[in-house]
Every structure is written in C-alpha cells, then in structure tokens.
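>>> after the sequence you'll find the predicted model.
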Amino acid sequence: MNDSKVGGKYRWSLIIVMALVWVFIYLQRTNISMLLVDYRFLAEVNLLNQPAQQGLLVTMFLLAYAVANMLSIPISSRLGPRRTLMFGIAVGSFVLMLGGWAASFAAILLVRILTGVAHGIQYPNLSVLVKNWFPPEERGTANAIYAMGGCIGPALAMPLFAWLITWFGWEYSFFVPAALGILCTIPFLLRWISDGPEDNPYISSAEAAYIESRDKESLTDTPPGKQSGAVREVLQNPSFRLLCIVYAAFVCSWWGLLTWIPQYLVQVRHFEMTGMTGYVTIAYVAAMVSVFVGGRLVDRARYKSKVGLLALLIVALATFGIATVPSPLGAVICMVLAVSINEFVFPAVWAILQSILPSRLIVAGSGVVNGAGNLFSAATPTIMGVLIQFSGTYTGGLLFLVFMSVLGALCCWGLLRQGN
C-alpha cells in the first residue's frame with residue numbers, strides 16, 4: 001500500500017494551494033515584459049529606444065530581491081514561514097498598486113525595487129514549508145508542484161497583460177495583479193497554510209504522525225532560533241557553493257528570456273503581438289509540464305545533479321538556436337525548448353539543497369542560494385540590454401545566456417562527482 005495514502009493527503013492540498021498563490025504572485029513580477037512592447041508606456045516614462053534602461057527595470061528588481069532574500073533570514077526565523085509570507089505578499093501588493101499611478105521612469109524603478117524587496121522576503125519560506133511538510137522522498141515532487149505556479153504565472157501573464165494594456169491601459173497591469181495578491185493572503189489568514197503539520201488545525205493526526213516519522217532528521221535537529229552563524233556554516237559546504245552557481249545559471253536563463261524574448265520575437269522575428277503572446281504562452285505551459293516531470297525524475301534519481309546537468313546542456317544548445325536558426329518558426333521551437341527544459345533544473349536544485357542541509361539551516365540556505373543566484377543573475381537583463389544597444393543585434397545577449405548555461409552544467413558535473 002502507498003505510504004502517502006496511509007498518511008493522508010492534506011499536505012498535497014496545501015502545496016497545490018501554494019502553487020495557486022504563486023501563480024498570482026508571479027503576475028506581479030512579469031508585467032514589465034509586456035510593458036516593454038507597449039509604445040504608450042515606453043513613451044510616457046521616456047524609455048523609447050533605451051534597451052539598457054529597459055533592462056534596468058528587471059535588474060533592479062532582481063538586485064532588491066536577492067538582497068532581501070538574504071536579509072530576510074532573521075525575519076523568517078522570528079515570524080515563521082506563514083506570517084513572513086503573508087507579510088511579504090501584502091506589502092508587495094500594496095507597492096504594486098502604487099505603480100499604476102507612477103508617471104516617470106524613476107517612479108516605476110522605485111516600484112520595481114520595493115516589489116523586489118517584498119518578494120525577496122517571501123521566497124526562502126517556500127523551501128522551509130516543503131522541508132517541514134514533506135518527507136525526503138516526496139520533496140522533488142513538492143518543489144515541482146509549487147514551482148508550476150511560477151510557470152503558469154508567465155503563461156497567463158502574456159495574454160492577460162496584452163488584453164489589459166490594449167483595452168484599459170498599462171496602468172491595469174499593476175492594479176489587477178495587486179488586487180489578486182491581496183486575495184492570496186486568505187490561505188495564510190485562515191491557516192490553510194501553516195508553519196508545519198504540528199500547528200495546522202485541518203490535518204489529521206495520522207498524517208501529522210506520518211510526516212514526523214518519515215523525517216527522522218526533525219526528531220534530532222536543533223531549532224533554528226537557537227543557532228548562530230548559519231550563513232557562514234552553509235557557505236563552508238562545497239556542494240552548497242556549486243549549487244549557488246547552478247541556480248544562478250538557471251535564473252539567468254529564466255529572467256533573460258522572460259525579459260527579452262517578447263521584444264525579440266516582435267522586432268527581430270517580426271511576429272504580431274497576438275502571435276508573440278501565443279508562442280510565449282506555449283513556452284511557459286511547456287515549462288509547467290517540464291517542472292513537474294523534472295520533479296518526478298528528481299525523486300527517482302539516485303544522483304539528482306544528473307537531471308540538472310543534462311537539462312542545462314540542452315538549454316545552452318536551444319538558446320544558441322534562438323539566435324542562429326534562420327527560420328522564425330525554428331527560433332520559436334528553440335525558445336520553447338530553452339524555456340521548458342530549463343525548468344528541470346529547479347526541482348533538482350531544491351531537492352539537493354534540502355538533502356545536504358539540516359532543517360535548522362534551511363532558511364539560511366534557501367535565502368543564500370536564491371539571493372546569491374538572483375544577485376549574480378540580476379545584471380543579466382541589463383547586460384543583454386547593453387549588448388543589444390551597442391551591437392544592434394540580440395545575438396550577443398543570447399550568447400551570454402549560452403555561456404551561463406554551460407557554466408551551470410559544469411557545476412552540476414562537480415556536484416555529481418561529490419555524490420549529489
């Protein structure tokens with residue numbers, strides 16, 4: 001008989017709710033990609049023919065996001081994942097609402113920075129919830145399920161924001177995701193999502209006991225609040241350092257493609273807006289499937305880094321194809337492959353992290369790997385924008401992503417040699 005059925009299913013309901021929350025939260029991050037192809041927005045905030053400054057809107061978000069990831073460690077340790085997530089979502093939604101009234105590049109940039117801070121506070125707590133709620137053999141799938149929300153978000157964002165911008169104006173690409181974000185606090189207020197099984201009013205005692213019995217580490221681990229020097233401790237782990245670079249490679253491709261592919265398809269491959277949104281939506285729907293399949297593979301793989309190694313090599317080849325294949329349809333196929341196969345890396349990274357670190361270091365480890373990865377990759381949109389602006393072609397920017405994917409694959413090889 002399947003152990004998970006004996007234990008109960010509430011934890012799977014929780015992670016599905018978390019994935020739905022993440023869909024709406026991701027809309028708050030991705031509106032800028034569609035705004036970069038809206039003439040009225042670019043004209044009103046003085047960004048016409050300024051790709052370097054356009055890239056800065058994403059870079060500054062990521063810098064703030066990365067720094068907040070690391071600075072959020074004491075906040076998360078003090079408040080716990082439920083209250084920290086609720087606080088970050090509420091603040092981010094309020095700030096985004098203000099973006100609809102911004103009237104200059106500086107104001108939009110400030111909104112992006114503050115949104116990055118709010119989102120950075122949230123993210124490390126997702127890994128804590130997975131660690132607290134799922135036995136080790138289920139964490140690859142659990143990581144993949146909530147990550148699917150991060151793929152569904154961009155898939156919905158492209159047609160949704162295209163419709164909002166066309167019929168109501170660019171301001172509503174801020175107002176609507178802000179309102180949806182406020183709704184996302186409900187599962188936390190009602191405690192559908194709690195810090196762990198032990199403080200959840202809805203889970204059965206049998207399932208709570210099952211989770212505790214399967215995670216032997218939690219019986220002996222030291223509470224996080226009684227530890228000091230957690231960041232220093234995780235950085236002493238050589239596997240953790242390699243994992244940071246792998247995650248940076250993954251995030252570089254994610255944000256680089258998400259930022260520039262819509263504009264690339266319109267300006268270089270000469271697709272209409274509707275055609276572009278359709279193809280980009282297909283890419284992120286494929287990514288949603290890939291992250292789930294990747295999670296299942298990770299749960300079954302003895303060496304989880306093999307999944308990341310193969311995926312990053314394919315991403316490097318596909319990204320090279322985006323820039324070099326002569327056919328517009330061929331470029332679209334390469335784009336779909338690059339975006340979707342990149343998602344195999346995500347569950348591998350977090351499953352490795354949750355296996356090499358004890359529970360007391362998960363908040364610190366999650367904050368550092370996500371913060372360092374995004375800090376390293378934050379310059380990607382601006383670097384690509386500068387290369388585009390000064391070379392007059394997108395090829396240089398895309399080759400930068402190829403380099404990062406190859407670097408990530410080499411680090412996966414290092415993790416494999418260490419037995420991860």
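Ah, there it is.

>>> which other residues reach stretch 308-325?
Applying C-beta atoms under 8 Å, 6 or more residues apart in numbering, the contact partners of stretch 308-325 are 246, 249-250, 253, 257, 261, 264, 294, 330-331, 333-335, 337-338, 341-342, 344-345, 348-349, 394-395, 398-399, 401-402, 405-406, 408-409, 412-413, 415-416. Any C-beta I mention is one placed from the backbone N, CA and C, and that applies to glycine too.

>>> tell me how far it lies from the chain's centre.
Computed by C-alpha atoms, centre = their mean, to the nearest Å, the chain-centroid distance of stretch 308-325 equals 19 Å.

>>> got it, and stretch 201-210?
30 Å.

>>> one more: stretch 263-282?
Distance, centroid of stretch 263-282 to centroid of chain: 23 Å (C-alpha atoms, centre = their mean).

>>> can you check the distance spanned by it, start to finish?
End-to-end span of stretch 263-282 (C-alpha to C-alpha, to the nearest Å): 16 Å.

>>> with just CA atoms, put stretch 394-401 into CSV.
Only the C-alpha atoms of stretch 394-401 are listed here, as CSV (Å, rounded to 0.1, in the frame of the first residue of the first chain):
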residue,chain,number,x,y,z
TYR,A,394,20.3,40.3,-30.0
THR,A,395,22.9,37.6,-30.7
GLY,A,396,25.4,38.8,-28.1
GLY,A,397,22.8,38.8,-25.3
LEU,A,398,21.6,35.3,-26.2
LEU,A,399,25.2,34.0,-26.3
PHE,A,400,25.7,35.4,-22.8
LEU,A,401,22.9,33.0,-21.7
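
>>> and the pLDDT at the residue lying closest to L407 once chain neighbours are set aside?
Spatial nearest neighbour of L407, excluding adjacent residues (C-beta to C-beta, 6 or more residues apart in numbering): A249 at 5.7 Å. Reported pLDDT at A249 in the predicted model: 94.

>>> in whichever strand or helix holds A249, what's buried?
Element membership of A249 [criterion: DSSP states H and E] is helix 238-267. Across helix 238-267, burial judged by 16 or more other C-beta atoms under 10 Å covers 239-266.

>>> the next helix or strand after that helix packs against which elements?
Moving toward the C-terminus from helix 238-267, the next helix or strand (DSSP H and E) is helix 273-300. In this structure, helix 273-300 packs against helix 139-167, helix 238-267, helix 305-324, helix 328-342, helix 345-356, with contacts taken as 3 or more C-beta pairs under 8 Å, 6 or more residues apart in numbering; DSSP states H and E.

>>> include distance to V111 when you put those helices into TSV, please.
Shown next, in TSV, are these (distance: least, C-beta to C-beta, whole Å):
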stretch	distance to V111
helix 139-167	16
helix 238-267	17
helix 305-324	30
helix 328-342	26
helix 345-356	27
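
>>> show me how to select, in ChimeraX, the buried members of the contacts of stretch 308-325.
The ChimeraX command for the buried members of those (criterion: 16+ other C-beta under 10 Å) is given here:
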select :246,249,250,253,257,261,264,294,331,333,334,335,337,338,341,342,344,345,348,349,394,395,398,399,401,402,405,408,409,412,413,415,416
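
>>> distance of G373 from F174?
26 Å (C-beta to C-beta, to the nearest Å).

>>> cool, W255 as well?
19 Å.

>>> relative to G99, which of the helices and strands packed on helix 273-300 is closest?
helix 139-167 (13.0 Å; C-beta to C-beta).

>>> host element of F390?
With DSSP H and E as the test, F390 turns up in helix 380-391.

>>> who's in contact with the very next helix or strand once past that helix?
Note on helix 380-391: by DSSP H and E, the next helix or strand toward the C-terminus is helix 395-417. Contacting residues not belonging to helix 395-417 are listed as 239, 242-243, 245-246, 248-250, 252-253, 256-257, 260, 303, 305-306, 308-309, 312-313, 315-316, 319-320, 322-324, 342, 345, 352, 377, 380, 383-385, 387-388 [C-beta under 8 Å, 6+ apart].

>>> that older thread, can you pull out the residues in contact with the helix holding F390?
50-59, 62, 252, 255-256, 259-260, 394, 396-398, 400-401, 404.

>>> how far off centre is that helix?
On the basis of C-alpha atoms, centre = their mean, helix 380-391 sits 22 Å off its chain's mean C-alpha point.

>>> buried residues of it, list them for me.
Buried residues in helix 380-391 (16+ other C-beta under 10 Å): T380, P381, T382, I383, M384, G385, V386, L387, I388, Q389.

>>> just give me the neighbour total for L156.
By the measure other C-beta atoms under 10 Å, the count of residues near L156 is 18.

>>> that one against W22, yeah?
No. Here L156 does not reach W22: they are 11.8 Å apart, not a contact under C-beta atoms under 8 Å.

>>> need phi/psi at C184.
phi -70, psi -10 (degrees, to the nearest 10).

>>> which ones are touching it?
So C184 contacts V21, F24, I25, I89, S93 (C-beta under 8 Å, 6+ apart).

>>> what's the nearest residue to it if we skip its chain neighbours?
Leaving aside its chain neighbours, C184 sits nearest to V21 (4.6 Å; criterion: C-beta to C-beta, 6+ apart).

>>> any idea of the mean pLDDT in the host helix or strand of that neighbour?
Taking DSSP H and E as the criterion, the element that holds V21 is helix 10-35. Averaged across helix 10-35, pLDDT comes to 90.

>>> and what of stretch 278-295?
89.

>>> show residues contacting it.
Contacts of stretch 278-295 (C-beta under 8 Å, 6+ apart): 140-145, 147-148, 150-156, 158-159, 261-262, 265, 271, 307, 311, 332, 335-336, 339-348, 351.

>>> what's the closest non-adjacent residue to R191?
Using C-beta to C-beta, 6+ apart, the nearest residue to R191 is P201, at 6.0 Å.

>>> give me the secondary structure label for the one you found.
Per DSSP: H, G, I helix; E, B strand; the rest coil, the local secondary structure of P201 is coil.

>>> residues near it, how many?
8.

>>> and it, what pLDDT?
pLDDT at P201 comes out at 91.

>>> tell me which helix or strand of this structure sits lowest on mean pLDDT?
helix 217-220 (a mean of 47; mean pLDDT, DSSP states H and E).

>>> can you show me the CA trace of the helix or strand that it is followed by as CSV?
Later in the chain than helix 217-220, the nearest helix or strand by DSSP H and E is helix 230-235. Extracted C-alpha coordinates of helix 230-235, given in CSV (Å, rounded to 0.1, in the frame of the first residue of the first chain):
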residue,chain,number,x,y,z
ALA,A,230,24.1,29.9,9.9
VAL,A,231,25.1,31.7,6.7
ARG,A,232,28.8,31.1,7.5
GLU,A,233,28.1,27.4,8.1
VAL,A,234,26.2,26.8,4.8
LEU,A,235,28.9,28.6,2.8
